[in-house]
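**Q** 3D, please:
(chains A and B)
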Amino acid sequence: MAKVLDMMQFLDMNDTAIIKAAVQHLYLSFGSVLIGCLVAIPTGIWITGRDKIAGHVLRIIGTIQTIPSLALLGFALPLFGIGTLPAMIVLFLYSLLPILRNTYTGLTSINPAFIEAGNGMGMNSRQLLFMVKLPLAMPVIMDGIKISTVYILSWATLGALIGAGGLGDLIFTGIQTADANYILAGAVPVALLTAAAGWLLGKAEIALTPAGGK
Amino acid sequence: MVTFRSVTKAYRNHIAVKKFNLEVQDGEFLVLIGPSGCGKTTTLKMVNRLIEPTSGEILIDGKNVRAMDAVALRRRIGYVIQQVGLFPNMTVEQNIDLVPRLIGWDSKKCKSRVKELLEMVNMNPDIYASRYPNELSGGQQQRIGVLRAAAVEPPLILMDEPFGACDPISRETLQDEMKKLQNTLKKTVIFVTHDMDEALKLADRIVIMRQGEIIQVDTPERILRQPADAFVESFIGKNRINNPALLCVEQIMKTNPVTVSPDCGLAECVALMRRKKVDTVLVVDAQGRLLGGVDIEELERQRSVHKIGDISSELGAVLNNVSGREAFAIMNENRLKYLPVVDKRDRLVGLVTRTSIVDAIASAVWGDGESA
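**A** Below you'll find the predicted structure:
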């Protein structure tokens, strides 16, 4: 009971700090995923139909994914210094693979009959892309974005290690001072945000699935 | 008019189409048919440049298609593919008015066109325009596929086994509708199929292909009657259900009707009829030309004359190249019990009776007599 009271008091005193950390956390995560989308989706479109290049690109991006996040943050530190930017760069690199791979998979797995019909009816390549290919690949692409977002939201806690702030700050403070309140104040919101983002993006995926799809 | 001039398509390991020469007339329904891998689809796709020929040229109204912008060319040519290819992310309406939108029709014109087209195939626009393809039956989807190709009234429509995936019943219906549509719209259609029945039903002319080459180009009638070689013959036989409507009158007529010369005496004639158990004889001259016919009642009434030639009445006859369907229609309309069949020189070659039509239908339904 005392612990709960203690906790209430802690929240009362630190609510602005927690909210600030959460906002920074969201900024870090969604910022990186957004830039990830802006890079990965066009790249995914570009490598579709270029099998050789696609293989290379997917391998390179896949390799990045295998580097442990702490190691990658270690690389970022001397290169970009400390703060939000280096953390975002690292998170951005991690967000690439699921989005890129799903964009590529989504586009290459479209029934060729639709492509042929579009071509045969006189769509140019841009019309074919925006009217047929992207809408049909959208559920798969959205799934990639969802996977990326959920991962990045939890990995963003490590951003605190190179001074990017976010909810990780609270967790590491708690670890250093052996204060469970701090740890929980960081960890619980991360878990909640991750679950909420997964749920919301799942809804978005359904909404963006072509009405005629199953 | 579409002209193929020595069109060849070679791939690394094989030649898909070899020196293909053909002229397709305006308003003609041309069917390309052959076993799979014969090059029929390749030939079709070279018209709208989905496949580029290795050599030779294809002209549309005298203009080489390779000189035209591929996208612009395709918008002017209707295209229906085998797997329907309706875009699942678009409604029926959006699918149909896709090409109109691509070429910049305003939305009002698009809407009225969609309405008009749906009504043409008896699909209520209020119900179907806003539906998605997966909410339609296979037959309905294919109907929309055809409408989509016809949306901007292209003078030429290419169809690649459009009804191949439909069940037999909706395929029949679609073919009937296609025929009706073609009769009203008068488009030039190049149609690929491997179904001989479909080809015979729809085509003005059939092109039979094998291994990239044309084996025979002819009307359905003539292909049935004069197959160019054993391949064509087996192709017709193998793929065709014995449909009495498609049979030539030669195939259903009795080949040795009872005949007499005009000089034959009455008594002799009556004796002959009794022996052959017939109530009618046909009168032919020495060269076998049909002069007329006499039935038993006539003979009974005209006991006084001596020669058959004096009492025989003139008879209508059909040429031996008409279809069984036509012969049957003539008999029905004129309430004839029988209909003589003559060749081009008026010589009697056979006789169609109601019995021979029943026989033809019976053999189509139950097979060729063995089980009868």
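**Q** give the next helix or strand downstream of whichever helix or strand B:Ile208 is part of.
**A** Here B:Ile208, judged by DSSP states H and E, is contained in strand B:205-210. Downstream of strand B:205-210, the next assigned helix or strand under DSSP H and E is strand B:213-218.
**Q** could you name the helices and strands sitting against that next one?
**A** Using 3 or more Cβ pairs under 8 Å, 6 or more residues apart in numbering or on different chains; DSSP states H and E, the elements in contact with strand B:213-218 are strand B:15-24, strand B:205-210, helix B:230-239. To be clear about C-beta, it is placed using only N, CA and C from the backbone, and glycine gets the same treatment.
**Q** quick one: the following helix or strand past the first one to strand B:213-218, angle?
**A** Read that as strand B:15-24. Next along the chain after strand B:15-24, taking DSSP H and E as the criterion, comes strand B:29-33. Relative orientation of strand B:29-33 versus strand B:213-218 (axes from the mean of the first three to the mean of the last three Cα atoms, to 10 degrees): 140 degrees.
**Q** which residues are contacting strand B:29-33?
**A** Contact partners of strand B:29-33, identified using Cβ atoms under 8 Å, 6 or more residues apart in numbering or on different chains, comprise B:24, B:40, B:43-44, B:182, B:188-196, B:198-199, B:202-209, B:235.
**Q** chain center to it: distance?
**A** Centroid displacement of strand B:29-33 relative to its chain, using Cα atoms, centre = their mean, to the nearest Å, is 10 Å.
**Q** parallel or antiparallel, list what pairs with that strand.
**A** strand B:188-193 (parallel), strand B:205-210 (parallel) (DSSP bridges).
**Q** one step back: got the contact list for the strand holding B:Ile208?
**A** Counting by Cβ under 8 Å, 6+ apart, B:22, B:28-35, B:38-40, B:43, B:199-200, B:214-220, B:223, B:228, B:231-232, B:235 sit against strand B:205-210.
**Q** just to revisit the earlier point, most tightly surrounded among the strands paired with strand B:29-33?
**A** Of the strands paired with strand B:29-33, the one with the most neighbours on average (mean count of other Cβ atoms under 10 Å in any protein chain shown) is strand B:188-193, at a mean of 25.
**Q** for B:Gly288, phi and psi?
**A** Recorded main-chain torsions at B:Gly288 are phi 90, psi 10, according to degrees, to the nearest 10.
**Q** hmm, B:Lys337 and B:Leu351 touching each other?
**A** No - the pair B:Leu351 / B:Lys337 is not scored as a contact, 10.4 Å apart, by Cβ atoms under 8 Å.
**Q** could you tell me the per-residue confidence at B:Ile241?
**A** Listed pLDDT for B:Ile241 reads 45.
**Q** next structured bit after the helix or strand bottoming out on mean pLDDT in chain A?
**A** None of the helices or strands of chain A scores lower by mean pLDDT, DSSP states H and E than helix A:69-80, at a mean of 81. Sequence-wise, the next helix or strand beyond helix A:69-80 is helix A:84-108, with elements assigned using DSSP H and E.
**Q** can you point out the buried residues in that following helix?
**A** Using 16 or more other Cβ atoms under 10 Å in any protein chain shown as the test for burial, helix A:84-108 gives A:84, A:86-108.
**Q** got it, and stretch B:353-367?
**A** Of all the residues in stretch B:353-367, those buried under the rule 16+ other Cβ under 10 Å are B:353, B:356-357, B:359-361, B:363-364.
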